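Participant: Only the shape, not the letters, is given here:
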C-alpha cells in the first residue's frame, strides 16, 4: 500500500473549510429509532469512478453521499458526509442483502472497491449480495481530515522527515518535523480530529446498514478493517449476520498498548522475511537469490548498506538502507512479488560481490527491472495505505491510529526505542519504530473516546477469521488471538505469504462463499493453500 504526500498560513481559509464541512443537526441522531434512520438516496456514479467497469455492467452501479453524526455522544455538534458506491446483486430475486467492504489502512479508500468485486469475492457472492464500498470518516471522498491548508506547508513538514533516521541530525530533524505535524493538525483539522476512533467507524457502519434496509450486517474487512469488524460485532453482536475478517490485528493489545502492539507487528515482518529466505533456499534454481546461503547473503547486504553506504546499480540507480528496507517490507505484502524480490536482492548482492567478468558485462547491459519493481512498493509497509482517490494525504491514518492506540512513550524516547528495536529486530526494527510510536506522542488529542473491549460478546454466527502463516503486517499469531478473543469465531489458516489472502486462494474463497451465502462455518483446524507458490517454476 503506497503512501501519498501530507509555514503556518491561511488559518482563516482552513477554518472556513472546516466549518463548511459540518451541518448542524436538528434532532439527536443517536437517539433516533432504527426505523427513523434516513435511507440512502442512491444516484448515478461519476463516469470516471466506474470507468474500469465493463459498459454492460455499469447500470448495476449507483453512488451516494450519506450524512452521519460527527459525534454520536453529542449529536448536536453537527454532521459529516460518507461516500458510498453500490454494485447491485446480479440475482435480485434471490438477493440476501448488502455486503459492506473495507480495505484497511486506516485511511484506505473503499469507495471504488465494488468496481473490483470479481477480484474480492466469487461470482456466487456477487449474484446474491449488493456489494457496497465506502470511504470511512476522514477519508478521501467522505468528509476528509486535513491537517494542512496548503500543499506547500505539507511538503515542508514531510520533506524534513527521514524515512529511516539513523544519524543524530536525521533523528533531530524528524522529531522536529513530527512535532510540527502535530501542531498543524491541532490548528487545521477541526472537530473531526477528536472523532476518528474505530468505535465511531463502527457506529457509522451500523447507521449505513440500517440505511440500506438490512436487519443484520454482512461485512468483509481487510487488515485494519478486521478491527472495524471486531469492534462492530462486540458493540452490535445481534446485528451481525456474516462477518469475514482477513489479515487480522490483535484488538485487545492494539487498544491497550500501542508501543508493544507495534513492536510485535514489526516482528511479523522479521518472521515473514526469515520464511521467505528459507523458502528461497529450499527452492533452488527457482529462486534467484538461492545460490549460497540466502539468510547470510541478505544479512551481509543489509549490513553493507547500513554501515558502508548506498550501492549503485548497473543502470545508475542508487539504493540506500532506507529505500532498501522500505522496498523489502512493502514487497513482502504481495505473495505474487516474491520472485521479483529474490531477483532484486541478487542484483544488489552482485554489486558488492561482482560475478565473473562476462556475467557482469551482460548484467550491466540489462535493465534492473526487478529492483525497480520492488522499489515501487515503497512506504506500503510503514503506513498500510493504498490510496485511490484525489485525496492523497495520510492524515486520517495517523488520526485513527493515534486515537485507538495508547502510546505512553514520549517523542524524545524514540531514538532509544529505535536502537533497542534494531537490536531485537535487525531488519525492520528501526524503520517501524519511526512510524506510529514516533507520530502519536505529538498527536493533538484531548481525549481518547474509544471502544477497547470486551471482545468476547457472542454473535449469532461465527465470525470468519483468516490468517496467513507468513503475513508480514499482521502476523499469524494475531489471527489466532483474534479468534480466541472473539466470543464466537472460526479460524481459517493459510500456508501463504502476503498480507491478506482472499482472491489468491480458491480454498479460502470457497469457504468465504459458503459462509456468506449459507452461513456454513468451516471445520476447525482447516489449512488452505494459495493458488500461487512463492517461487513458480517454468515446468
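Facilitator: Right, received. Where do you want to start? In this text the structure is predicted, and so the values were computed from the model without any measurement.

Participant: burial count for residue 41?
Facilitator: 10 (other C-beta atoms under 10 Å). In this view, the C-beta of every residue, glycine as well, is placed from N, C-alpha and C.

Participant: 238 is where my numbering starts, stick with that
Facilitator: Done: numbering now begins at 238, and the last item shifts to residue 278.

Participant: residues touching it, list them.
Facilitator: residue 301 (C-beta atoms under 8 Å, 6 or more residues apart in numbering).

Participant: Check the gap between it and residue 297 for me.
Facilitator: 18 Å (C-beta to C-beta, to the nearest Å).

Participant: just residue 369 next, same as before
Facilitator: Separation of residue 369 from residue 297 (C-beta to C-beta): 12 Å.

Participant: In which helix or strand does the residue lying closest to residue 433 once chain neighbours are set aside reside?
Facilitator: Nearest non-adjacent residue to residue 433, counting by C-beta to C-beta, 6 or more residues apart in numbering: residue 636, 4.0 Å away. Using DSSP states H and E, residue 636 maps to helix 632-641.

Participant: How about residue 653?
Facilitator: Judged by DSSP H and E, residue 653 forms part of helix 651-661.

Participant: And residue 369, by the same measure?
Facilitator: Going by DSSP H and E, residue 369 is in strand 366-372.

Participant: Which strands or helices does the helix holding residue 636 pack on?
Facilitator: The contact analysis (3 or more C-beta pairs under 8 Å, 6 or more residues apart in numbering; DSSP states H and E) places helix 632-641 against helix 405-425, helix 435-448, helix 673-676.

Participant: In that helix, which residues are buried?
Facilitator: Neighbour counts over helix 632-641 (16 or more other C-beta atoms under 10 Å) mark 632-641 as buried.

Participant: Adding pLDDT and distance to residue 695, write the residues you listed out as TSV.
Facilitator: As requested, the buried residues of helix 632-641 are exported to TSV (pLDDT from 0 to 100; distance: C-beta to C-beta, whole Å):
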residue	pLDDT	distance to residue 695
632	92	37
633	94	32
634	95	32
635	96	34
636	97	31
637	97	27
638	97	28
639	97	31
640	98	27
641	98	23
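
Participant: So which of these is the closest to residue 289?
Facilitator: Set against residue 289, the nearest of these by C-beta to C-beta is residue 633 (24.0 Å).

Participant: low pLDDT regions in the protein?
Facilitator: Residues of the chain meeting the criterion pLDDT under 70: 238-270, 593-606, 614-631, 775-776.

Participant: Using the three-state scheme, assign the residue positioned nearest the centre of it.
Facilitator: What sits nearest the mean C-alpha location of the chain, by C-alpha atoms, centre = their mean, is residue 342, with 2.9 Å. Reduced to three states with DSSP: H, G, I helix; E, B strand; the rest coil, the structure at residue 342 is coil.

Participant: sorry, back to before: by contact count, what packs against the helix holding residue 653?
Facilitator: For helix 651-661, the packing partners by 3+ C-beta pairs under 8 Å, 6+ apart are helix 405-425, helix 495-520, helix 666-670, helix 673-676.

Participant: looking at the helices and strands packed on helix 632-641, which is closest to residue 305?
Facilitator: Here helix 435-448 is closest among the helices and strands packed on helix 632-641 (C-beta to C-beta), at 5.1 Å.

Participant: List the neighbouring strands of the helix or strand just after the closest one plus their orientation.
Facilitator: Using DSSP H and E, the next helix or strand after helix 435-448 towards the C-terminus is strand 454-459. Strand 454-459 has the following sheet partners, assigned by DSSP bridges: strand 334-339 (parallel), strand 477-483 (parallel).

Participant: Tell me how many other residues crowd residue 481.
Facilitator: Around residue 481 there are 25 other residues, counting by other C-beta under 10 Å.

Participant: Distance check, it against residue 698.
Facilitator: 11 Å.

Participant: And the strands in the stretch 638-776 of the chain, which stretches?
Facilitator: 700-707, 726-734, 764-765 (DSSP state E, counting those that start in this stretch).

Participant: wouldn't residue 632 be in contact with residue 383 here?
Facilitator: Yes: Residue 632 lies in contact with residue 383 (C-beta atoms under 8 Å); the separation is 6.1 Å.

Participant: Which neighbours do the two have in common?
Facilitator: With C-beta under 8 Å, 6+ apart as the test, residue 632 and residue 383 both reach residue 426.

Participant: contacting residues around residue 663?
Facilitator: When the contact criterion is C-beta under 8 Å, 6+ apart, the partners of residue 663 are 507, 536, 539.

Participant: Quick one: buried ones out of the residues you listed?
Facilitator: Going by neighbour count (16+ other C-beta under 10 Å), the contacts of residue 663 have 507, 539 buried.

Participant: Nearest to residue 338, out of the contacts of residue 663: which one, please.
Facilitator: For the contacts of residue 663, the nearest to residue 338 is residue 507 (30.4 Å; C-beta to C-beta).

Participant: Could you count how many residues lie near the closest residue to the closest one other than its chain neighbours?
Facilitator: Nearest residue to residue 507, sequence neighbours excluded (C-beta to C-beta, 6+ apart): residue 662, at 5.1 Å. Residue 662 sits with 21 neighbouring residues when counted by other C-beta under 10 Å.

Participant: so residue 662 makes contact with residue 505?
Facilitator: No: contact status for residue 662 versus residue 505: not in contact, 9.9 Å apart, counting by C-beta under 8 Å.

Participant: Quick one: end-to-end distance for stretch 289-297.
Facilitator: Across stretch 289-297, the terminal residues are separated by 13 Å (C-alpha to C-alpha, to the nearest Å).

Participant: mind putting the strands paired with strand 454-459 in a markdown table, distance to residue 527 included?
Facilitator: A markdown table is the format used below for the strands paired with strand 454-459 (distance: least, C-beta to C-beta, whole Å):
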| stretch | distance to residue 527 |
| --- | --- |
| strand 334-339 | 38 |
| strand 477-483 | 30 |
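
Participant: Quick one: closest of these to residue 405.
Facilitator: Set against residue 405 and scored by C-beta to C-beta, the strands paired with strand 454-459 come closest in strand 334-339, at 40.5 Å.

Participant: List the contacts of the following helix or strand past the closest one.
Facilitator: Sequence-wise, the next helix or strand downstream of strand 334-339 (DSSP H and E) is helix 354-357. Residues from elsewhere that reach helix 354-357 (C-beta under 8 Å, 6+ apart): 324, 338, 350, 363, 368, 457, 739-740.

Participant: what's the distance between helix 354-357 and the middle of its chain?
Facilitator: Mean-position distance between helix 354-357 and its chain equals 18 Å (C-alpha atoms, centre = their mean, to the nearest Å).

Participant: Next: stretch 306-315.
Facilitator: For stretch 306-315, the distance to the chain centre is 27 Å (C-alpha atoms, centre = their mean).

Participant: cool, stretch 566-582 as well?
Facilitator: Taking the mean of its C-alpha atoms, stretch 566-582 sits 18 Å from the chain's own mean (C-alpha atoms, centre = their mean).

Participant: end-to-end on that stretch?
Facilitator: The first residue of stretch 566-582 is 13 Å away from its last residue (C-alpha to C-alpha).

Participant: And for stretch 510-528?
Facilitator: 17 Å.

Participant: Contacts for that stretch, please.
Facilitator: Counting by C-beta under 8 Å, 6+ apart, 530-532, 534-535, 565, 569, 575-576, 578-580, 582-583, 586, 607, 664-665, 706-707, 709, 734, 771-774 sit against stretch 510-528.

Participant: Give me the buried positions along that stretch.
Facilitator: Using 16+ other C-beta under 10 Å as the test for burial, stretch 510-528 gives 510, 512-514, 516-518, 520, 523-527.

Participant: distance of the nearest residue to residue 451 once chain neighbours are set aside from residue 456?
Facilitator: Once flanking residues are discounted, residue 451 sits nearest to residue 334: 4.7 Å by C-beta to C-beta, 6+ apart. Residue 334 is 11 Å from residue 456, where distance means C-beta to C-beta.
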